[in-house]
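Undergrad: curious how this folds, go ahead:
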Amino acid sequence: LELYNKIIENYGLEWNALQRIAELSFRLGRFSESAHALEMMIEIDPSNYDLRKLTAETYISAGELQKAKSILSELIELKPSDVQAKIRYGEVLLQLKERDDALKILNEVVSDDSVGFELKFQVVESLFKSAGEDVSLKGKAKEILKNLSSKYPNEWRAHWLLGIIASDEKDNETAFNEFKKVVDINPKIVEAWRGIGIALYEMGKFDELIRVMEDGVEKFPDDFFLNFLLGLGYHRLERNSEAVQPLERALSLDPKNIDVISTLALVYDAIGEVSKSDSLHELGLKISPDNHLILNNYSYTLAERGEKLDIALEMAKKAVEQEPENPSYLDTIGWVYFKLGDYEKARDYILKAVEKGGSSVVVEHLGDVYFKLGDKEKAMEYWKKALDKNPSNEKLKEKIKRGQM
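TA: Numbering: from 1, shown residues only. Got it, this is the predicted structure:
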């Protein structure tokens, strides 16, 4: 680079030397120097359109957006048919926070019937990338995507981005529909299968989740996420024996994943494989000693079995310290105190868990605590509330019928 610069100093502007300076400077990450060399080449050949376009790109790499804007503005005046230059100009304007001018240019592109899907989709991606700083741009991207998905029904990428936006907005129904369209068009897009699974899980449609994930795992047997979602679906429906195989497969694909370790440990515990459950919980704590999920779940399984209650209490305390408002964690520590016979502390924690929206199990636990405290009327009240939340709980029905634990 030094030698080529000496050539310019001694002999003036020389095309090949400037070209090498531009290339070498760019490789070294010295983008401003590269752009400066390109500007000198333009002095030699001012009508070279492609060279000016390259100079604009190099200024973008250098972060000198005003210079890039100036060049691109001239280019689209010289050649209005250059859609790629228009899009790049719009992107630069977005980075410069000149939103209205950017949208004006980009709208010209998406409204032009002669422009194909690829370039219009590039506009959407540009808006999507800038949406983090300007949320209103996401709405604009969405509007364009909907039009593209109608006009080009066999282009899966429009549905893909609509699915991502819907997922971000917690609109699981729309996310499911859009990702489903992706899979219908191109079943090889594994990310779309994952998107479908997440949407179904979030909607609590576990039967459908299992059905779809079984198809997904058949197509992608080595995908961690699809196996994990399939196992989660079985677990949520308490079909724990069926959950073992996909969860074990997921664990083999990602042996240090805390989520799958925790879930599989609960599954093992549910089917009576307590030694495997404890081993997995221990593995989880070895990988992540302060992980509140593992601490809570391990503590709860020990409490349910009435084993190592002192250790269970210490783990429950650590989990609650990290998430003091988590109703599941509050219930766990309360349940440990219940098993230890400290019913006053058990009531304090589990009552707080119920107030924060605890599940049917949590509400039932509170009824059990009141029963042990001798308040059978309150016990019956909370058992009935728990049954309202889970009418299929036969054991709870028997408990209410007997009026005792």
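
Undergrad: in stretch 219-238, what counts as buried?
TA: Residues of stretch 219-238 classed as buried: 220, 223-236 (neighbour count, 16 or more other Cβ atoms under 10 Å). Glycine gets a C-beta too; all of them are placed from N, C-alpha and C.

Undergrad: so where is this structure shaky, pLDDT-wise?
TA: 133 (pLDDT under 70).

Undergrad: can you tell me which helices and strands the lengthiest helix in it packs against?
TA: Counting by DSSP state H, the longest helix found in the chain is helix 136-151. Secondary-structure packing of helix 136-151 (3 or more Cβ pairs under 8 Å, 6 or more residues apart in numbering; DSSP states H and E): helix 99-111, helix 117-130, helix 156-168.

Undergrad: my read: residue 219 touches residue 187, true?
TA: Yes: counting by Cβ atoms under 8 Å, residue 219 touches residue 187, with 6.6 Å between them.

Undergrad: so which strand or helix has residue 194?
TA: helix 190-203 (DSSP states H and E).

Undergrad: quick one: that helix to helix 156-168, angle?
TA: 30 degrees (axes from the mean of the first three to the mean of the last three Cα atoms, to 10 degrees).

Undergrad: ok, and what's touching helix 190-203?
TA: Helix 190-203 has contacts (Cβ atoms under 8 Å, 6 or more residues apart in numbering) with 156, 160, 163-164, 167, 170, 172-173, 175-176, 178-180, 182-183, 186, 206, 208-209, 212-213, 216, 219-220, 223, 225-226, 229-230, 232-233.

Undergrad: could you do stretch 175-182 as well?
TA: Outside stretch 175-182, the residues touching it (Cβ under 8 Å, 6+ apart) are 149, 156, 159-160, 162-164, 166-167, 189, 192-193, 195-196, 198-200, 203.

Undergrad: keeping just the C-alphas, turn the host helix or strand of residue 399 into PDB.
TA: Using DSSP H and E, residue 399 sits in helix 394-402. Coordinates of each C-alpha in helix 394-402 appear next as PDB, following Å, rounded to 0.1, in the frame of the first residue of the first chain:
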ATOM      1  CA  GLU A 394     -60.300 -37.400  40.500                       C
ATOM      2  CA  LYS A 395     -58.000 -37.600  43.600                       C
ATOM      3  CA  LEU A 396     -59.100 -34.100  44.600                       C
ATOM      4  CA  LYS A 397     -62.800 -35.000  44.100                       C
ATOM      5  CA  GLU A 398     -62.300 -37.900  46.500                       C
ATOM      6  CA  LYS A 399     -60.500 -35.600  49.000                       C
ATOM      7  CA  ILE A 400     -63.500 -33.200  49.000                       C
ATOM      8  CA  LYS A 401     -66.000 -36.100  49.300                       C
ATOM      9  CA  ARG A 402     -64.200 -37.500  52.300                       C
END
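
Undergrad: who are the packing partners of it?
TA: Partner elements for helix 394-402 (3+ Cβ pairs under 8 Å, 6+ apart): helix 376-389.

Undergrad: ok, and what's touching the helix it packs on?
TA: Here helix 376-389 has contacts from 354, 359-361, 363-364, 366-368, 370-371, 393, 396-397, 399-400, 403-404, using Cβ under 8 Å, 6+ apart.

Undergrad: residue 201: how many residues sit nearby?
TA: If you count neighbours by other Cβ atoms under 10 Å, residue 201 ends up with 17.

Undergrad: figure out which of the helices and strands packed on helix 136-151 is closest to residue 6.
TA: Ranking the helices and strands packed on helix 136-151 by proximity to residue 6 (Cβ to Cβ) places helix 117-130 first, at 41.4 Å.

Undergrad: buried stuff in that closest one?
TA: So, applying 16+ other Cβ under 10 Å, buried residues of helix 117-130: 120, 121, 122, 123, 124, 126, 127, 128, 130.

Undergrad: pull the CA atoms of that helix into PDB?
TA: What follows is helix 117-130, C-alpha atoms only, in PDB (Å, rounded to 0.1, in the frame of the first residue of the first chain):
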ATOM      1  CA  PHE A 117     -40.400 -10.000  -5.600                       C
ATOM      2  CA  GLU A 118     -36.700 -10.200  -4.700                       C
ATOM      3  CA  LEU A 119     -36.200  -6.400  -4.700                       C
ATOM      4  CA  LYS A 120     -39.500  -5.700  -3.000                       C
ATOM      5  CA  PHE A 121     -38.600  -8.200  -0.300                       C
ATOM      6  CA  GLN A 122     -35.200  -6.500   0.100                       C
ATOM      7  CA  VAL A 123     -37.200  -3.300   0.900                       C
ATOM      8  CA  VAL A 124     -39.100  -5.200   3.600                       C
ATOM      9  CA  GLU A 125     -35.900  -6.500   5.100                       C
ATOM     10  CA  SER A 126     -34.400  -3.000   5.200                       C
ATOM     11  CA  LEU A 127     -37.500  -1.700   7.100                       C
ATOM     12  CA  PHE A 128     -37.400  -4.700   9.400                       C
ATOM     13  CA  LYS A 129     -33.800  -4.200  10.300                       C
ATOM     14  CA  SER A 130     -34.500  -0.500  11.100                       C
END
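
Undergrad: packing partners of that helix?
TA: helix 83-95, helix 99-111, helix 136-151, helix 156-168.

Undergrad: mind listing what the residue nearest to residue 19 when sequence neighbours are not counted touches?
TA: Distances taken as Cβ to Cβ, 6 or more residues apart in numbering place residue 41 nearest to residue 19, at 6.7 Å, with adjacent residues excluded. Shown in contact with residue 41 (Cβ under 8 Å, 6+ apart): 13, 15, 18, 19, 22, 48, 51.

Undergrad: could you rerun that using 7 Å?
TA: 15, 18, 19, 51 (Cβ atoms under 7 Å, 6 or more residues apart in numbering).
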